[in-house]
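Asker: Could you look at this predicted model? Sequence included:
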Amino acid sequence: LAAWNNKPFVKVLLMFGLNMIVFMPVFTIYVTQYGLRELGMIDASAATIAIFMQVIKIGMGGFVGHWVDKFSAKRVATIVPLFGCLSLLPVLLIHNQYAVYATMGMSALFLTAMWASFFALIYGLPSPENRSGHYTVQLMFSNLAGAVGPIIAGVMCDRWSYRPTFLALAVASLGIAWLSKQMLSSVSANAADYA
């Protein structure tokens, strides 16, 4: 399969999957559950948080895209895990509903930057004749990561509760940032290489 022989693509895909496994469940499910279960937020808060995140994604999407273009998708992909760590700080340091909203707002920016940087690389690395196969592999891998991540985070939350899980993921994100820098070192930072 051409996708597996494209080593830069495989490295980008592995780092994208790792970011999805670590961050997607916590920012799309478990921080909100923490607010509902441990802080006593009303059920309607879940809808308010979802709307709040969408407004931030739409409002800041153009800015984030410009930022990714300016600094290169590769560079942003290597620092995105650090922003994931920063996004968890409000719920780690403050035990109230405002911290949940702060974390979810920051996570909306994080998720936008993650998608923009990794998709620029994933969609730009394959040559035109191999793109459909590469994209199929990416979809299968993304779906697998999207299934595994919530199970892992759910087990962690059940065993340790929410905040210790968030702390463990914040610490893990520092390792992911280091690993991203190593894994993506051979990937070009020049946007012209992804035409």
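Answerer: Received the coordinates, thanks. Numbers count the residues shown, from 1 in each chain.
Asker: Buried residues, the longest helix anywhere in the chain. List them.
Answerer: Ranked by number of residues, the top helix in the chain under DSSP state H is helix 131-160. Across helix 131-160, burial judged by 16 or more other C-beta atoms under 10 Å covers H134, V137, Q138, F141, S142, A145, G149, P150, A153, M156, C157. (Each C-beta comes from the backbone N, C-alpha and C, glycine too.)
Asker: Can you lay out those as CSV showing pLDDT and distance to G61?
Answerer: What follows is the buried residues of helix 131-160, written out as CSV (pLDDT from 0 to 100; distance: C-beta to C-beta, whole Å):
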residue, pLDDT, distance to G61
H134, 94, 24
V137, 95, 26
Q138, 95, 21
F141, 95, 24
S142, 94, 19
A145, 96, 22
G149, 96, 23
P150, 96, 25
A153, 96, 26
M156, 97, 30
C157, 97, 30
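Asker: Which other helices and strands does the longest helix of the chain contact?
Answerer: Here helix 131-160 touches helix 2-5, helix 7-25, helix 97-124, helix 162-183, going by 3 or more C-beta pairs under 8 Å, 6 or more residues apart in numbering; DSSP states H and E.
Asker: quick one, which of those helices is nearest to S45?
Answerer: With C-beta to C-beta as the criterion, S45 lies closest to helix 97-124 of these, at 7.2 Å.
Asker: returning to what we had before: ok, the buried residues of helix 131-160 vs G59, which is closest?
Answerer: Lowest distance from G59 to these (C-beta to C-beta) belongs to S142, with 25.1 Å.
Asker: hang on, the closest one packs against N19?
Answerer: No. The pair S142 and N19 fails to qualify as a contact (C-beta atoms under 8 Å) at a distance of 10.8 Å.
Asker: So in the chain, where's the weakest helix or strand by average pLDDT?
Answerer: Using mean pLDDT, DSSP states H and E, helix 2-5 stands out as the lowest-scoring helix or strand of the chain, at a mean of 91.
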